[in-house]
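Engineer: this is a predicted model, with the sequence first.
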Amino acid sequence: MAQEIPHDAMIALVDGGKALLLRNIGTETSLSLREEGHLTLQDVTNDGPSGTRPVEQTPHQTDEATFAKQLIKRLTAMHEAGDFAAIVLAADPQTLGQLRAAMHKDLERAVLFTLAKDFTNMKLPDIAHALAKHSTAN
């Protein structure tokens, strides 16, 4: 069964410290992506992950967990404000796990599918092609 990306769906491409938000302004069968914004890690000191940092966790890993928390907070606010009804999340496997762990149920229901892949350094046409390929493969 194909997992199509409907018109007006949000696509979040994430790595450990930045996110690119895109919107499908095309159709389910002909993706056309428009940049909606970039997000980066903000004020780590005041908005770190809850609890204490495990001894084996590096400061970089803590920053990545903090960014995942900040991103989910932002995506949840956008979803609640009606900015999107459906979203695709694509991130490296570690970041994707952190995003899933921080996600609220309402946002979770809006997720069409997730991809454990880092698309953040690709050009828009290549991203659209890769997403379309994934949609037709399932």
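Structural biologist: Looks like it came in fine.
Engineer: and the next element down the chain from the helix ranked longest in the chain?
Structural biologist: When the chain is parsed with DSSP state H, its longest helix is helix 59-80. Using DSSP states H and E, the helix or strand that follows helix 59-80 in sequence is strand 87-91.
Engineer: can you list contacts of that next one?
Structural biologist: Strand 87-91 has contacts (CB atoms under 8 Å, 6 or more residues apart in numbering) with 5, 9-15, 75, 79, 96, 99, 107, 110-119, 131. C-beta: built from backbone N, CA, C; applies to glycine.
Engineer: so for it, mean pLDDT?
Structural biologist: Strand 87-91 shows a mean pLDDT of 96 in the predicted model.
Engineer: buried residues in the next helix-or-strand element following it?
Structural biologist: Sequence order places helix 93-102 as the next helix or strand after strand 87-91, per DSSP H and E. Within helix 93-102, the residues that count as buried by 16 or more other CB atoms under 10 Å are 95-96, 98-99, 102.
Engineer: could you export stretch 78-91 as CSV, CA atoms only?
Structural biologist: Output in CSV follows, covering the C-alpha atoms of stretch 78-91 (Å, rounded to 0.1, in the frame of the first residue of the first chain):
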residue,chain,number,x,y,z
MET,A,78,2.1,24.3,14.5
HIS,A,79,-0.2,21.3,14.3
GLU,A,80,-2.4,22.6,17.1
ALA,A,81,-2.6,26.0,15.3
GLY,A,82,-3.8,24.2,12.1
ASP,A,83,-0.6,24.9,10.1
PHE,A,84,-0.7,21.2,8.9
ALA,A,85,-2.9,18.2,9.2
ALA,A,86,-0.3,15.6,8.0
ILE,A,87,3.4,15.4,8.3
VAL,A,88,6.3,13.2,7.2
LEU,A,89,9.4,13.0,9.4
ALA,A,90,12.8,12.1,7.9
ALA,A,91,15.8,12.0,10.2
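Engineer: mind checking how far it is from the chain centre?
Structural biologist: Offset of stretch 78-91 from its chain centre (CA atoms, centre = their mean, to the nearest Å): 9 Å.
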